[in-house]
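**Q** mind looking at a prediction? Sequence and model below.
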Amino acid sequence: MQEAIAKAAALVEAHQYIRSFRGRVVVVKMGGSFMDEPADLARVVGDICFMAAVGMRPIIVHGGGKAISSAMKQAGLEAQFVQGRRYTDEPTLAIAEYVLVNQINKQIRDLIQSDGHRAMGLHSLGSCAVFAKRMFLGGENGRKIDIGYVGEVDWVNADLLGAVIETGVIPVIAPIARDPAGGKLNVNADSVAGHVAAAVKADKLVLISDTHGIRTDPRKDDLATHLTKGQIEKLIDTGVINEGMLPKVEAAVTALEAAVTKVHIIDGRIPHSLLLEIYTAKGIGTEIVLG
């Protein structure tokens, strides 16, 4: 009886959020080790389908760095990094595209369709929604460092995305973009998600990975539940936010500066963390606002 009452109370709490978010666009970026666990991935995709079922309009962006590294190893290729970024030559790009589009993107679309919803893959081997230009790193004396077929987002086809979600289809975006000449570039998936959220004027951007959120003190288990852009910038300046968290907060800033209301960073390994973050008052990760 108590369990049933608790479930009813949760539904009552969720009702006001379901009603207020109906028709709103939310961009969900999936990445990290939770994607390697079929049950965790299926649960997160199931939560996204639930959001669609109650009237939200989700757009999925996914990564797949660990799967790419594994495929490269099997092919006898060793990953090379320049200033923390993966150098992408032609063989690496071909492997990245195959893994991201033919494996991960398809897997997510299959999960959505098995849950009774419609999905459309948007990527370099079909209809592409993200376009990029070559990225060069800064070196000494203003010298540009070439890191291969790596891109930074130049333009997002918001009209295409709007038309897809208007029909009730869930777009699934792989982070292989097209360049102005029709070539292909590997782009950081967090960055893609931030620019997509900005382009479609999403209500929310949710970054799901294998971290609980942002810690304000690396020496303590000190998870921040709410941060502003200004606080984020201070944490970057002091080195508290670094490495893998940097692309996420940079994506958050990109989205917030384009009028996205909130950005959430949550752990995909926690059951239903996405629904808890959006449809409950307390949430479960770190929310970031412009501030």
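**A** That came in fine, so what should we check first? Numbering: from 1, shown residues only.

**Q** what helices or strands is the strand or helix carrying Met72 leaning on?
**A** If you go by DSSP states H and E, Met72 is part of helix 65-74. Packing contacts for helix 65-74, counted by 3 or more C-beta pairs under 8 Å, 6 or more residues apart in numbering; DSSP states H and E, involve helix 90-97. Just so you know, the C-beta spots here come from the backbone N, C-alpha and C atoms, and that holds for glycine as well.

**Q** how about the helix it packs on: buried residues?
**A** For helix 90-97, burial by neighbour count (16 or more other C-beta atoms under 10 Å) applies to 92-93, 95-97.

**Q** could you dump these into a markdown table and include distance to Ala255?
**A** Putting the buried residues of helix 90-97 into a markdown table (distance: C-beta to C-beta, whole Å) gives the following:
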| residue | distance to Ala255 |
| --- | --- |
| Thr92 | 28 |
| Leu93 | 27 |
| Ile95 | 29 |
| Ala96 | 24 |
| Glu97 | 26 |
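
**Q** looking at those, which one is closest to Gly31?
**A** Checking the buried residues of helix 90-97 against Gly31 with C-beta to C-beta, the nearest one is Ala96 at 13.6 Å.

**Q** closest one of the buried residues of helix 90-97 to Ile241?
**A** Ala96 (26.2 Å).

**Q** do you know how far that closest one is from Asn102?
**A** Ala96 is 11 Å from Asn102, where distance means C-beta to C-beta, to the nearest Å.

**Q** assess the claim that Leu137 and Arg85 are in contact.
**A** Yes: counting by C-beta atoms under 8 Å, Arg85 is a contact partner of Leu137 at 6.9 Å.

**Q** what's the pLDDT at Arg24?
**A** On the pLDDT scale, Arg24 is placed at 94.

**Q** surely it meets Met56?
**A** Yes: using C-beta under 8 Å, Arg24 makes contact with Met56 at a distance of 5.8 Å.

**Q** thank you, goodbye.
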